[in-house]
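> Take this sequence and fold it.
(chains A and B)
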Protein chains: 2
Amino acid sequence: MRSVVDEVIAQVFELCRHDTGGAVADYIPELASADPDRFGICVVTSQGHTYEIGDSTAEFTIQSISKPLTYAMALADRGPDAVAARVDVEPSGEPFNEISLDPITERPRNPMINAGAITMASMVGGRNVEERFERVLSAYSAFAGRRLRLDEQVYRSEARTGYRNRAIGYMLRSFDILGSEPDAALDLYFRQCSIALTCRDLGMMAATLANNGVNPLTRERVLAPALVERTLSVMTTCGMYDAAGAWVAEVGLPAKSGVGGGVLAVLPGQLGIAVFSPRLDAHGNSVRGVQACRELSRLLELHFMHVVRGAHTAIRSSYPVNAAPSRKRRTDTEQATLRMSGQRGRVYELHGDLLFAGAETVVREISGRDETLDALVLDVQRVGDVARVSRRLISDLLDALAETGCQVAVVDPKRLLRAEGVAPTHPSFDDIDLAVQWCEDRVLDLHCAVSRQRPDVDVVDHPMLSRLSPEQADRFLAALEPRVFARGDVIAHRGEPARWLALITSGEVSQLMPMDSGIVRRVVTLSAGMSFGESPLLTGGAVLTDTRADTKVRLMVLPRARFEELSAEDPALRIALLEHVVADAHQLVDTTLGSLTARRLDL
Amino acid sequence: MRSVVDEVIAQVFELCRHDTGGAVADYIPELASADPDRFGICVVTSQGHTYEIGDSTAEFTIQSISKPLTYAMALADRGPDAVAARVDVEPSGEPFNEISLDPITERPRNPMINAGAITMASMVGGRNVEERFERVLSAYSAFAGRRLRLDEQVYRSEARTGYRNRAIGYMLRSFDILGSEPDAALDLYFRQCSIALTCRDLGMMAATLANNGVNPLTRERVLAPALVERTLSVMTTCGMYDAAGAWVAEVGLPAKSGVGGGVLAVLPGQLGIAVFSPRLDAHGNSVRGVQACRELSRLLELHFMHVVRGAHTAIRSSYPVNAAPSRKRRTDTEQATLRMSGQRGRVYELHGDLLFAGAETVVREISGRDETLDALVLDVQRVGDVARVSRRLISDLLDALAETGCQVAVVDPKRLLRAEGVAPTHPSFDDIDLAVQWCEDRVLDLHCAVSRQRPDVDVVDHPMLSRLSPEQADRFLAALEPRVFARGDVIAHRGEPARWLALITSGEVSQLMPMDSGIVRRVVTLSAGMSFGESPLLTGGAVLTDTRADTKVRLMVLPRARFEELSAEDPALRIALLEHVVADAHQLVDTTLGSLTARRLDL
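I've put the predicted structure just below:
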């Protein structure tokens, strides 16, 4: 099926290809000989998927699109302060090859004009020009995700005829912007401009910038996030030469063009755009490149000031802990306590990315509550990512809650809230159900009237016997056999026929559902005084879940054959057991229906 | 509990308040007399919550912060083309009060310098200067969410001493940028600059721009989204006078300052910032205002090029329709068909905002599938909002799927996918369960071997009787009584004691769970050949759900008293009914556990 995105790109391509305005750069023969009709567009998502049309694999030289990349290298090698001491970041309002510095600061106005770019080339680290060029070529290649090469002919031609750039180099030397002879910086600059690539490469470079500095296909981190931010900022104000205002107003994407005919544009977090078409306008920007970016921005709604609507709350849902019980079966007393005091525990499920505005909504909602809580669960498993500031906001919120006596646990399987090098101060669960169980335990510890020490149950006191007459109970007890399992033992497997009915007299078991993904999902946790295995035994169906011992477990089991014998001897015994199962199921459905009403209902 | 956000703002306030550099504007006595130590900060979220510290309710005049607002009004009144014919949008690199035009275009360089702003004032619609000023004052008031007032003293002083602005006015007249005498435009400009407001007002104005032009508290749309985008773009490149590059690099927020001491900054979609401190730097920007914005941007990570990470897929989960059955109970034959052919239907649950990049991941994933589908459900109930381009991408995807023979339904309770004025071409449900049921029906229509016409069931053939001996069945049948309900009738209510056991012989009923929110959740839908009411009857518990007739329904019911009589006469009958219930429940649990494994597992 042809993608709609392909159609949009084809539409833009068709619209722009008829524009034959502008002229190919002609200051060196290698550029002048470019086929003026070449035209390619690539849109590469920050996940690395490429949409392309036209001459997307034709080679051309990167030229001035190298400037932001080398600027980023200088920032990484020397640090922002050292770089700022040598170059400003103000739009110049002058042509890119002006032989002048800012009259007040006596520095190049920005790193996107030649004077600034040559200065940046002088700041790339390396022992000699060969090593420095190899570092430049490697870095550009890492952006593109494949090894690029130098176009020797273009390089030699640029080096031979670059009088104007040499003039700039000596001007920089005379103002001490360059600390040594300008030749090395100029040579590196000529070489970086002469690196050959395709529109597809340029698209992947743009996608790497869009993907916060990580190449989306190779997964290599090419540039630190703070430097991506800085580089895109300078491209925003200075990238398109002296038409920055109109570019920002009409296209609204940080971008850089080169006289080779390339244009690179970035929508941070989302995608990169590359266009190649050699005919240039009076500013030195590709005519079709500018037009294609404008149309893509318009049709795909990429303008960076474009907002569909305001921020939403990051709270997906919020409910008292008794509204959505954990899968741990509770005794009747515990259930009564949770019905009464369950609103002392509360669950907040978050979603989306937690940038400042999202985290702010969470903090405001939770810290603005009137009721006192004993326990709170913050579930961030559906959160995409968390900004540093949000980690601080959330962490301070949790600390403040703790001071009010409210214990806090997080559900954070991706460790989003864990700051580097800091041990978490709150319990963290991978699974909301365990966190809810923790929250229930906290409420029960504080509010349950009777002791919550779960003692072993003498089998004669087991609730399973409650509907039996003394004689039935005796017969039933006589048929039971003891079983002991160690922690971790699998007691029964999903799919096998029922072997027996089991009464738990000590310890805990969980019934588990293994899933295709390999994850195991807990269905329920049972403890002493509860039972399992009734329904397959009574119906002849298969065992529905794995059953695993969570602790050392003691069971009294009624084997299948003995059960059939007892049933035949005394139908009333069978009725009593069936009624026990149905009553148990009825109560479970009631609890489950109650929890349906709370969890997963978006606010 | 004191909010962490308040603490961050207090931290910034403390950091900046010791800076007493700069000087109060002194070109008119009214500004010169401002208390230089005044200092306030407001951060207003796009939801309208205000965080404030310091002199947030002290009045000052808006001055140049009026420029983007009047620019927006001119755009709205005259259209972007007419405005562009009179003013450029390029950074000027010159002081704001320069008496010059761009030498090439002979237009003011941008609407944020005085020449451009006076031109914009001349383009505000209205029959006379009074009406035009009233429109300006109303618009500014709508941004702030309360009626603002003119500071008459400042206005008179500005009007009396505005020689330089009068010079600019006559220059504009001489170049025909102003079509008539400059007095009216100048008068409106002096008045708009003299509107008095507080830091809190300014913060709400910023939040209105952040909230895409809608005042977050009054909910009034003050400015169209496209004009918000354009206004913020021009503020980005031209808002902070001749320091735009450094501002974008270091603060990264569209902003505007005024010589009254105010600074307004906007993070689109998220929040607005206002700072008031009268001491100005050499550019005319508030010293503390610039510093506070820089610190807030750094601490709260507000830079508009800041990306936590790349875009994610908008697909929350995706599964074959048989992995998560609807709540419609299916016959054994239907269940077998769904087990076999259920992968011919598929559900995609989306989440997040569907901007281009998010929609692209959806389209690429779905259109890139190899298997042919008969039916697909696209669930957008968890999607925040949808860009126009995404609506087109999704709509084209659905059309393309339809061409392959795959029917499509959407779950779209918020009508996000419905373009204005276009009737939806695909079925749309408010509830995923109904959509899944639709999808199952489609698969069953195509793949179920036997007729799916659900005939009435003769009560003697009802499965409830299958475990009974002929004699038991006769006794059971003799005890039944007919009941008929019309569509919409509530047959039983949650919480009431069990009246009878019901066998459905014709029609469909749904068991419903009314929730606190007023929403009613469907638990299960049952049809002829199925039964309900067993478990409360057998256990003596309460009825767990409401039961409602979805069609005309015929039941044969066994009243409670008759059931007890039958049980007493023949325990084996009671056993058979209990076993039927347990087997039924066993099978239901099996199906439910199967569906646990699919739905809601994020990819």
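> Check for me that A:Ile41 belongs to a strand.
Yes - A:Ile41 forms part of a strand when assessed by DSSP: H, G, I helix; E, B strand; the rest coil.
> can I assume it is in contact with A:Val12?
Yes - with contact defined as Cβ atoms under 8 Å, A:Ile41 reaches A:Val12; the gap is 6.6 Å. In short, each C-beta sits where N, CA and C put it, glycine included.
> So A:Leu75 sits against A:Thr231, correct?
Yes - contact status for A:Leu75 versus A:Thr231: in contact at 7.5 Å, counting by Cβ under 8 Å.
> circling back to that earlier point, neighbour count winner among A:Ile41 and A:Val12?
A:Ile41 (30 against 24; other Cβ atoms under 10 Å in any protein chain shown).
> That one pairs with what?
A:Ile53, A:Val275 (DSSP bridges).
> For it, list the residues it contacts.
A:9, A:12-13, A:52-54, A:56, A:199, A:273-275, A:292, A:296 (Cβ atoms under 8 Å, 6 or more residues apart in numbering or on different chains).
> near chain B, which residues of the stretch 401-550 of chain A?
Counting by Cβ under 8 Å from any Cβ of the partner chain, the residues of the stretch 401-550 of chain A close to chain B are A:401, A:404, A:513, A:515-517, A:519, A:521, A:523, A:534-536, A:538-539, A:541, A:544-545.
> Any quick PyMOL command for the buried ones out of those?
Provided next is the PyMOL selection string for whichever of those are buried by 16 or more other Cβ atoms under 10 Å in any protein chain shown:
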select buried, chain A and resi 401+513+521+523+534+535+536+538+539+541+544+545
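> Nearest to the middle of chain A, which residue? Look it up for me.
Centroid check for chain A by Cα atoms, centre = their mean gives A:Gly384 as the closest residue, at 4.3 Å.
> So in that sheet, which strands flank the helix or strand hosting that residue, and in what orientation?
Using DSSP states H and E, the element containing A:Gly384 is strand A:375-386. According to DSSP bridges, strand A:375-386 has the following sheet partners: strand A:345-354 (parallel), strand A:407-411 (parallel).
> And those strands, which one averages the lowest pLDDT?
The minimum mean pLDDT among these belongs to strand A:345-354 (a mean of 88).
> and the nearest residue in space to A:Tyr51 that is not next to it in sequence, what pLDDT?
Using Cβ to Cβ, 6 or more residues apart in numbering or on different chains and skipping the chain neighbours, the partner closest in space to A:Tyr51 is A:Val43 (4.5 Å). A:Val43 carries a pLDDT value of 95.
> With the one 5 residues further on instead?
Here the pLDDT value assigned to A:Gly48 is 90.
> Turn the strands paired with strand A:375-386 into a markdown table, including distance to B:Ala34 and mean neighbour count.
Listed next are the strands paired with strand A:375-386 as a markdown table, based on distance: least, Cβ to Cβ, whole Å; neighbours: other Cβ atoms under 10 Å in any protein chain shown:
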| stretch | distance to B:Ala34 | mean neighbour count |
| --- | --- | --- |
| strand A:345-354 | 40 | 23 |
| strand A:407-411 | 46 | 23 |
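> looking at those strands, which is closest to B:Asp26?
Ranking the strands paired with strand A:375-386 by proximity to B:Asp26 (Cβ to Cβ) places strand A:345-354 first, at 45.7 Å.
> Convert that closest one to PDB, retaining C-alpha atoms only.
C-alpha atoms of strand A:345-354 as PDB (Å, rounded to 0.1, in the frame of the first residue of the first chain):
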ATOM      1  CA  GLY A 345      -4.700   5.000  50.200                       C
ATOM      2  CA  ARG A 346      -4.700   6.400  46.700                       C
ATOM      3  CA  VAL A 347      -3.400   5.500  43.300                       C
ATOM      4  CA  TYR A 348      -2.400   8.000  40.600                       C
ATOM      5  CA  GLU A 349      -1.700   6.700  37.100                       C
ATOM      6  CA  LEU A 350       0.300   9.100  34.900                       C
ATOM      7  CA  HIS A 351       0.800   9.100  31.200                       C
ATOM      8  CA  GLY A 352       2.600  11.000  28.400                       C
ATOM      9  CA  ASP A 353       6.000  12.600  28.600                       C
ATOM     10  CA  LEU A 354       6.600  14.400  31.900                       C
END
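> immediately after it, which helix or strand?
helix A:356-367.
> Does chain B have contacts with that next one?
Yes - counting by Cβ under 8 Å from any Cβ, chain B has neighbours in helix A:356-367: A:Phe356, A:Ala357, A:Glu360, A:Thr361, A:Val363, A:Arg364, A:Ser367.
> what about the closest residue to the third one other than its chain neighbours, which helix or strand?
Counting by Cβ to Cβ, 6+ apart, B:Val5 is the residue found nearest to A:Glu360 once chain neighbours are left out, at 5.7 Å. Using DSSP H and E, B:Val5 sits in helix B:4-17.
> Just the helices from the stretch 151-300 of chain A, written as ranges.
Using DSSP state H, counting those that start in this stretch, the helices of the stretch 151-300 of chain A run over A:152-161, A:163-174, A:183-193, A:199-210, A:225-238, A:244-250, A:287-300.
> Go through these and name the closest to B:Leu300.
helix A:225-238 (14.2 Å).
> joint contacts of A:Ile41 and A:Val12?
With Cβ under 8 Å, 6+ apart, A:Ile41 and A:Val12 have common neighbours A:Ala292, A:Leu296.
> Enumerate every residue touching the residue lying closest to A:Thr198 once chain neighbours are set aside.
Closest residue in space to A:Thr198, ignoring its immediate chain neighbours: A:Thr57 at 4.9 Å, by Cβ to Cβ, 6+ apart. Contact partners of A:Thr57, counting by Cβ under 8 Å, 6+ apart, are A:Gly40, A:Thr198, A:Cys199, A:Arg200.
> what's the spacing between A:Thr57 and A:Arg200?
When Cβ to Cβ, to the nearest Å is the yardstick, A:Thr57 and A:Arg200 sit 6 Å from each other.
> repeat for A:Gln472
80 Å.
> do A:Leu300 as well
19 Å.
> Who has more neighbours out of these two?
A:Leu300 (29 against 21).
> who are the neighbours in contact with the residue nearest to the more buried one when sequence neighbours are not counted?
The shortest distance from A:Leu300 to any non-neighbouring residue, by Cβ to Cβ, 6+ apart, is to B:Phe356 (4.5 Å). Applying Cβ under 8 Å, 6+ apart, we find B:Phe356 in contact with A:Gln270, A:Leu271, A:Leu300, A:Glu301, A:Leu302, B:Ala387, B:Val389, B:Ser390, B:Leu393.
> Show me how far stretch A:249-257 is from its chain's centre.
How far stretch A:249-257 lies from its chain's middle: 26 Å, per Cα atoms, centre = their mean, to the nearest Å.
> Are it and chain B in contact anywhere?
Yes - applying Cβ under 8 Å from any Cβ, one finds stretch A:249-257 touching chain B at A:Ala249, A:Gly252, A:Pro254.
> tell me the mean pLDDT for the longest helix along chain A?
For chain A, the helix with the greatest residue count under DSSP state H is helix A:571-596. Here helix A:571-596 scores 74 as its mean pLDDT.
> Up against chain B, what does the stretch 1-150 of chain A have?
A:1-5, A:7-8, A:45-47, A:49, A:88-93, A:110.
> is it true that A:Gly507 touches A:Gly529?
No - using Cβ under 8 Å, A:Gly507 is not in contact with A:Gly529, being 11.2 Å away.
> which residues of chain A score low on pLDDT?
For chain A, the stretches with pLDDT under 70 are A:1-2, A:93, A:241-242, A:308-312, A:420-424, A:451-454, A:516-518, A:588, A:591-603.
> domain assignment for chain A?
A:4-300, A:315-447, A:459-596 (automatic domain parsing).
> okay, those domains, which one's buried deepest?
domain A:4-300 (a mean of 21; mean count of other Cβ atoms under 10 Å in any protein chain shown).
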